[in-house]
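S.K.: What follows is a predicted structure for the sequence shown.
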Amino acid sequence: MPGRRRRGVLSGGRDRAPAVPEFFTDTPLLTERFDAALRYATAHHAQQLCKGTPIPYAAHLLAVASLVLEMHGDEDEAIGALRSRASRPPRLRVSLADKLHNARSILTTVLAEQRQGPDACVTFDWRPDGRS
């Protein structure tokens, strides 16, 4: 890929995965625009929590932005993920990343509540035996 260069190798120790080449880019892929959007998002949502959890809502925004970037999204899409509920409809990649993170969060919550027993499954008004 143009603009990327190999710089050394991350060594794999006895308890680590095999050595992997370490790559760097000549120009940063995320600029001051992303930094500013990140600062704004964390400040704007500083007191907001994810529904029914003690998890800061900013964690969800960071996870979605991360998924967008891992799916080879560009800086504009990552910024869109940080804006989350902006007035413009999100791009497909941002929407997919948001849905994926929501599904992961729901699964994590349901599995944790299942381990605590049927009476603990209250976050999503769901019980293992099908009762609501």
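M.R.: Received it, and whenever you're ready, just let me know what you need.
S.K.: Strands of this protein, start to end?
M.R.: Remark: strands assigned in the chain by DSSP state E are 4-10, 20-25.
S.K.: Lowest mean pLDDT across the ones you listed, which one is that?
M.R.: Ranked by mean pLDDT, these end with strand 4-10 at the bottom, a mean of 56.
S.K.: Against Ser95, how distant is Ala37?
M.R.: 18 Å (Cβ to Cβ, to the nearest Å). Any C-beta I mention is one placed from the backbone N, CA and C, and that applies to glycine too.
S.K.: Repeat that for Ala81.
M.R.: 10 Å.
S.K.: Not counting residues beside it along the chain, what's closest to Leu82?
M.R.: Leaving aside its chain neighbours, Leu82 sits nearest to Ala41 (4.3 Å; criterion: Cβ to Cβ, 6 or more residues apart in numbering).
S.K.: His101 now?
M.R.: Ala63 (4.7 Å).
S.K.: go on, Thr53?
M.R.: Thr109 (7.3 Å).
S.K.: ok, that neighbour to Gly80 distance?
M.R.: Counting by Cβ to Cβ, the gap from Thr109 to Gly80 is 26 Å.
S.K.: more neighbours, those two?
M.R.: Gly80 (24 against 18; other Cβ atoms under 10 Å).
S.K.: Relative to Thr109, how far out is the closest residue to that one other than its chain neighbours?
M.R.: Using Cβ to Cβ, 6+ apart and skipping residues adjacent in sequence, the residue nearest Gly80 is Val94, 4.9 Å away. Computed with Cβ to Cβ, the distance linking Val94 and Thr109 is 23 Å.
S.K.: And the helices in this structure, which stretches?
M.R.: Ranges of helices in the chain, per DSSP state H, are 32-44, 57-70, 75-83, 92-116.
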